[in-house]
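Chemist: Build me a structure from this.
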Amino acid sequence: MAVEMIMPKVDMDQETGTVVEWQKHNGDEVKEGEIILVMETDKVAIDVEAPASGILDGISAEVGDVVPIGTVIAYILEPGESLPESAKKVEPAEKPAGQPGATVEPVTPVSATPVAQNMAAALGVDLSSVTGTGRDGKVTKADVEAAMAASPQPVLSGDGKVIASPAARRIAREKGVDLGEVPGTGPGGRVQGFDVEAFTPSAPASVPAPAPQSLEPEVIPLVGMRKTIAERMTASYQNIPHIKFTERVDMTRFNDARQALNAHAEKHGQPKVSATALLVKLVAATLQNHPWMNSSLTEEAILLYKEINIGVAVALDAGLIVPVVRNADLKGVSQLAAEINDLAGRAREGKLVSSEVKGGTFTISNLGPFGVEQFDAIINAPEAAILAVGNTHPEAVPLADGQIVSRPMMHITLSADHRIVDGAVAARFITDLKSTLENPILSTY
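Modeler: Presented below is the predicted three-dimensional model:
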């Protein structure tokens, strides 16, 4: 039976995906889990895996097409099987530059692929100066990247910013390096982290007088990723009735448990356990007893999931992405720590595959490392709930005997979809979670 391959949703505010490259073509044999497509969102490029083994056929989205998520773009067939009658050409959400009906005029009349034209327009490349290596001299994406890599100047995006990886931006901030001075060696002249590490700024001959500062506000157009985030968050907040609960959690025993786990890890040469890893473990353990919190709503039913897949929100320079830790309740803390570190690192480098950012059943958003004490998070639809986690800081706590002591306290706020979850159900969950965080040993029962 033909297996549909759809344009996947890989982050919480995505509505479309752009076809960057088909690594397999019609008639090719593919294996389940094999990477066959590179697609791009407003934030990252993602390798998309084959959903089944068989023969790839019926590719209906061309390179450069911007396709709504959930659209069937190809089929995986059994040997000798024909395409279903429903198979048809996808009508892209947006026409790439250079195709009939495009809203963006081609940069030059030079023959080039749609992706090469889009890249050239974004990076300010004159296609007439690029030597094409494609069929009949057509300029390809690789040709544009090669042209930019040969340029000693930093590559600028359409908004005038240097094209650089998140790691490069972080290192540049830490070292006080101007990215505009760093030659990029990555694809398309992108500045990589090691470019910044290896860069030695030249001393200026003289210190120029500071230019007078304009009092006019900086205008940042609401386009691209920021527009998508604005639209998705507005839709989620307007369409989902959020019900919210906040608890103060005494983290004394949580910290003690983490210390003991790290002492054990150090003794056996294992990586340390982060607070996020232990938090994911305890949230997953609590969800086992609260199936309505691990659910989602469709037009016709409520789905209570058997798997507990925890999404961990990761902040990027360009926005937010939520890699998913699958079957978190079945994994040990050390395994969770290694997996979360790996997912977060590759999320910041834009190296996640589609299966790692979809299928979540509950999300945790932790802004504690940024010093935030308490906040409300917007639900990551179609999930039923999201947990907002603040930082741990000393607070005065009265004991039963009237004594006032200082304890490490953390504020957690649960946002739940009131269409799925009743107030009492959400209250019982966050109360049980508070007890589990304050007594981690309870998760072993």
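Chemist: The stretch 1-150 of the chain: helices as residue ranges?
Modeler: For the stretch 1-150 of the chain, applying DSSP state H, counting those that start in this stretch gives helices covering 114-123, 141-149.
Chemist: go on, the stretch 151-300 of the chain?
Modeler: For the stretch 151-300 of the chain, applying DSSP H, counting those that start in this stretch gives helices covering 166-175, 193-198, 224-239, 252-267, 275-287.
Chemist: Among the helices of the stretch 1-150 of the chain, which one carries the weakest average confidence?
Modeler: Per-stretch mean pLDDT for these is lowest at helix 114-123 (a mean of 64).
Chemist: give me every residue that touches Ala377.
Modeler: By CB atoms under 8 Å, 6 or more residues apart in numbering, the residues touching Ala377 are Ala313, Thr363, Ser365, Ile386, Leu387, Ala388, Thr413, Ser415. In this view, the C-beta of every residue, glycine as well, is placed from N, C-alpha and C.
Chemist: can we see that at 7 Å?
Modeler: Ser365, Ile386, Ala388, Ser415 (CB atoms under 7 Å, 6 or more residues apart in numbering).
Chemist: One more: Ser296?
Modeler: Per CB under 7 Å, 6+ apart, neighbours of Ser296: Leu303, Pro382, Glu383, Ala384.
Chemist: Now these in TSV, please, with extra columns for secondary structure.
Modeler: Putting those into TSV (DSSP: H, G, I helix; E, B strand; the rest coil) gives the following:
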residue	secondary structure
Leu303	strand
Pro382	coil
Glu383	strand
Ala384	coil
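Chemist: tell me the least confident of those residues?
Modeler: Minimum confidence in the contacts of Ser296 sits at Pro382, scoring 88.
Chemist: Kindly tell me how buried that one is, as a neighbour count.
Modeler: Neighbours of Pro382 under the rule other CB atoms under 10 Å: 16.
Chemist: Then Pro394?
Modeler: Neighbourhood size, Pro394 [other CB under 10 Å]: 10.
Chemist: Hmm, it is touching Glu373, no?
Modeler: No: with contact defined as CB atoms under 7 Å, Pro394 does not count as touching Glu373 (11.8 Å).
Chemist: Val357 and Leu437, how far apart?
Modeler: 26 Å (CB to CB, to the nearest Å).
Chemist: cool, and Gly193?
Modeler: 35 Å.
Chemist: Can you name the residues that contact Asn341?
Modeler: By CB under 7 Å, 6+ apart, no residues touch Asn341.
Chemist: Thr252 too?
Modeler: Arg407, Pro408.
Chemist: Lys141 is nearest to which of the helices of the stretch 151-300 of the chain?
Modeler: Among those, helix 224-239 comes nearest to Lys141, with 19.3 Å by CB to CB.
Chemist: tell me the average confidence for the closest one?
Modeler: Taken as a whole, helix 224-239 has a mean pLDDT of 69.
Chemist: One more: stretch 251-261?
Modeler: Mean predicted confidence for stretch 251-261 is 95.
Chemist: next one: that stretch to chain centre, how far?
Modeler: 29 Å (CA atoms, centre = their mean, to the nearest Å).
Chemist: For it, list every residue counted as buried.
Modeler: The neighbour-count check on stretch 251-261 (16 or more other CB atoms under 10 Å) flags Met251, Phe254, Ala257, Arg258, Leu261 as buried.
Chemist: ok, now stretch 430-438?
Modeler: By neighbour count on 16+ other CB under 10 Å, the buried set for stretch 430-438 is Ile430, Asp432, Leu433, Lys434, Thr436, Leu437, Glu438.
Chemist: contacts for that stretch?
Modeler: 245, 247, 249-250, 253-254, 282-283, 285-286, 289, 414, 442-443.
Chemist: quick one: which of those is nearest Glu216?
Modeler: Lowest distance from Glu216 to the contacts of stretch 430-438 (CB to CB) belongs to Leu414, with 42.6 Å.
Chemist: What residues are bridge-paired with the closest one?
Modeler: Phe245, Leu387 (DSSP bridges).
Chemist: I figured it hits Phe245, correct?
Modeler: Yes: the pair Leu414 and Phe245 qualifies as a contact (CB under 7 Å) at a distance of 4.8 Å.
Chemist: what touches both of the two?
Modeler: Contacts common to Leu414 and Phe245, judged by CB under 7 Å, 6+ apart, are Ala426, Ile430.
Chemist: Could you list the domains of this structure?
Modeler: 3-77, 114-198, 241-444 (automatic domain parsing).
Chemist: So which of those is the most surrounded?
Modeler: For those, the largest average neighbour count (mean count of other CB atoms under 10 Å) is found in domain 3-77, namely a mean of 20.
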